[in-house]
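Q: okay, sequence plus prediction incoming.
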Amino acid sequence: MPGPPILRLRWLPLAAAVAIVCAGCAPSQLRTSAQTFLSEHEGAAVSAGDAMRAVDAAASHLHGSPTAAELAALSHDASLARRLMRGVGEWSVSEGGEEEDVPRAEGEVVEASDEFATAMSSLLSYSRAPAQATLQAYRTHLAAGREKWNEGVGELWHVAGRRSAVPTV
């Protein structure tokens, strides 16, 4: 039996204090997890994002029959971006705890890196034998990767409280 109402009210301030303290734990822990992830991978994420934007800019200028010089430059840039994205794909993702935001965002970034690496492989194929179907495969994988990447890095930067520019693609 719970006891008289007056005795139950005695515990209310203690329960409220515990709830307030515990409520502050999750965001702090979440921020720490995101900060840890970014302290390990921020530089690589920025480099990979820069490389992807550069390749996308070069690919967006491809029209008709590209020159041998354009294809060689595209091949070089796509190789670099694919190598960087493969490195991102090897990042370990945190196990989900009480809060799933950070592991989900980390997972999106890693999944996006696979899409980007596939997109770069399509561009490398295009640079050897230009075909519109290969260019379309690049665009399809780029779009899928871009959505996941931008959402994932945006969430990580936000949760970690980073003020620097988010390396979106």
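A: Arrived safely.

Q: can you give me the helices in the chain?
A: Using DSSP state H, the helices of the chain run over 5-10, 12-60, 68-89, 101-128, 132-160.

Q: need these in JSON lines (columns: mean neighbour count, distance to residue 168 and mean pLDDT).
A: For every residue, glycine as well, the C-beta is placed using N, CA and C. Compiled in JSON lines, these are given as follows (neighbours: other CB atoms under 10 Å; distance: least, CB to CB, whole Å; pLDDT from 0 to 100):
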{"stretch": "helix 5-10", "mean neighbour count": "8", "distance to residue 168": "52", "mean pLDDT": "47"}
{"stretch": "helix 12-60", "mean neighbour count": "15", "distance to residue 168": "7", "mean pLDDT": "70"}
{"stretch": "helix 68-89", "mean neighbour count": "18", "distance to residue 168": "14", "mean pLDDT": "92"}
{"stretch": "helix 101-128", "mean neighbour count": "21", "distance to residue 168": "11", "mean pLDDT": "93"}
{"stretch": "helix 132-160", "mean neighbour count": "18", "distance to residue 168": "5", "mean pLDDT": "94"}
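
Q: just give the nearest non-adjacent residue to the one residue sitting closest to the centre of the chain, would you?
A: Centrality entry for the chain: nearest residue to the mean C-alpha point is residue 109, 2.7 Å, by CA atoms, centre = their mean. Leaving aside its sequence neighbours, residue 109 sits nearest to residue 152 (CB to CB, 6 or more residues apart in numbering; 3.9 Å).

Q: how near is the residue lying closest to residue 125 once chain neighbours are set aside to residue 128?
A: Sequence neighbours aside, residue 134 is the residue nearest to residue 125 in space, at 5.1 Å (criterion: CB to CB, 6+ apart). Distance of residue 134 to residue 128, computed by CB to CB, to the nearest Å: 9 Å.

Q: just residue 102 next, same as before
A: 40 Å.

Q: what of residue 105?
A: Plainly put, residue 105 is 35 Å away from residue 128 if you go by CB to CB.

Q: do residue 49 as well
A: Taking CB to CB, one finds residue 49 at 26 Å from residue 128.

Q: ok so, going back, would you turn the helices of the chain into JSON lines with distance to residue 167?
A: Formatted as JSON lines, those follow (distance: least, CB to CB, whole Å):
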{"stretch": "helix 5-10", "distance to residue 167": "53"}
{"stretch": "helix 12-60", "distance to residue 167": "3"}
{"stretch": "helix 68-89", "distance to residue 167": "11"}
{"stretch": "helix 101-128", "distance to residue 167": "10"}
{"stretch": "helix 132-160", "distance to residue 167": "6"}
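
Q: pull the contacting residues for residue 77.
A: 51, 54, 55, 58 (CB atoms under 8 Å, 6 or more residues apart in numbering).
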